[in-house]
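Engineer: Need a 3D model of the following:
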Amino acid sequence: MSGQGSVTVWRSALVALFSLFALVTFAADDVRFEHGRLAIETADGRKVAFSVELAVSDEQRMRGLMHRQSMPDDHGMWFDFGASRLVTMWMRNTVLPLDMLFIDEQGEVKHIRERAVPFSEELISSGGPVRYVLELNAGTVERLRIGTGSRVDLESIEKSD
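Structural biologist: Down below sits the predicted model:
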């Protein structure tokens, strides 16, 4: 192949690669979430409420809070995996440090990972079967004294959009 031909092939390959990257980036930015509210009852009987984005589809769960620059203190993201199973999360492309609550089908907080490190690709395990994960700003668990055994009122989760 002549030098001119190989340049054309490389140029075409780069254009195709850039187009694919642009499509994936556009698709990721196009993920939309419904909003809702939920309440958690702590071990000492206090109730705390959060506005949450609902991540229920594969696409929404994969996107999560990636690339977010901020989140109000009383907000979070609620992941519903549809059935109980071992769940692993990570912080890839996630700017915000987060607390992750791993919650079973009855709404009991079974495991907590506090202050997950932004951009880390370390797998964060639920440690056992859970159906839900609630992501909150780092420090929320400590500030509100949410611990394992706290209960999410699953009946309180309602869409607000």
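Engineer: how about the strands in this protein?
Structural biologist: 34-41, 47-55, 75-89, 98-103, 109-116, 124-137, 151-152, 158-159 (DSSP state E).
Engineer: Let me know which of these is tucked in deepest.
Structural biologist: Mean neighbours per residue, mean count of other C-beta atoms under 10 Å, is largest over those for strand 98-103, with a mean of 26. Where C-beta positions appear, they are placed from N, C-alpha and C, glycine not excepted.
Engineer: Can you report phi and psi for Val31?
Structural biologist: Backbone torsions of Val31, given as degrees, to the nearest 10, read phi -70, psi 130.
Engineer: Against Met77, how distant is the nearest residue in space to it that is not next to it in sequence?
Structural biologist: Nearest residue to Val31 in three dimensions, chain neighbours excluded: Arg63, at 4.3 Å (C-beta to C-beta, 6 or more residues apart in numbering). Distance of Arg63 to Met77, given as C-beta to C-beta, to the nearest Å: 10 Å.
Engineer: what does Arg113 give?
Structural biologist: Applying C-beta to C-beta, the value for Arg113 to Met77 is 14 Å.
Engineer: same deal with Asp153?
Structural biologist: Using C-beta to C-beta, we find Asp153 at a distance of 17 Å from Met77.
Engineer: re earlier: intersection of neighbour lists for Arg63 and Met77?
Structural biologist: Taking C-beta atoms under 8 Å, 6 or more residues apart in numbering as the criterion, Arg63 and Met77 both touch Ala55.
Engineer: How about the contacts made by the residue positioned nearest the centre of the chain?
Structural biologist: By C-alpha atoms, centre = their mean, the mean C-alpha position of the chain lies nearest to Gly64, the distance being 3.5 Å. For Gly64, the contact set (C-beta under 8 Å, 6+ apart) comprises 55, 77, 79, 89, 94, 135.
Engineer: Same list, these, but as JSON lines with distance to Val141 please.
Structural biologist: Below are the contacts of Gly64 laid out as JSON lines (distance: C-beta to C-beta, whole Å):
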{"residue": "Ala55", "distance to Val141": "19"}
{"residue": "Met77", "distance to Val141": "15"}
{"residue": "Phe79", "distance to Val141": "16"}
{"residue": "Met89", "distance to Val141": "15"}
{"residue": "Thr94", "distance to Val141": "17"}
{"residue": "Glu135", "distance to Val141": "11"}
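Engineer: Show me how the protein divides into domains.
Structural biologist: Domain segmentation of the chain under automatic domain parsing yields 1-30, 33-159.
Engineer: Lowest average confidence across those domains, which one?
Structural biologist: With a mean of 50, domain 1-30 has the lowest mean pLDDT of these.
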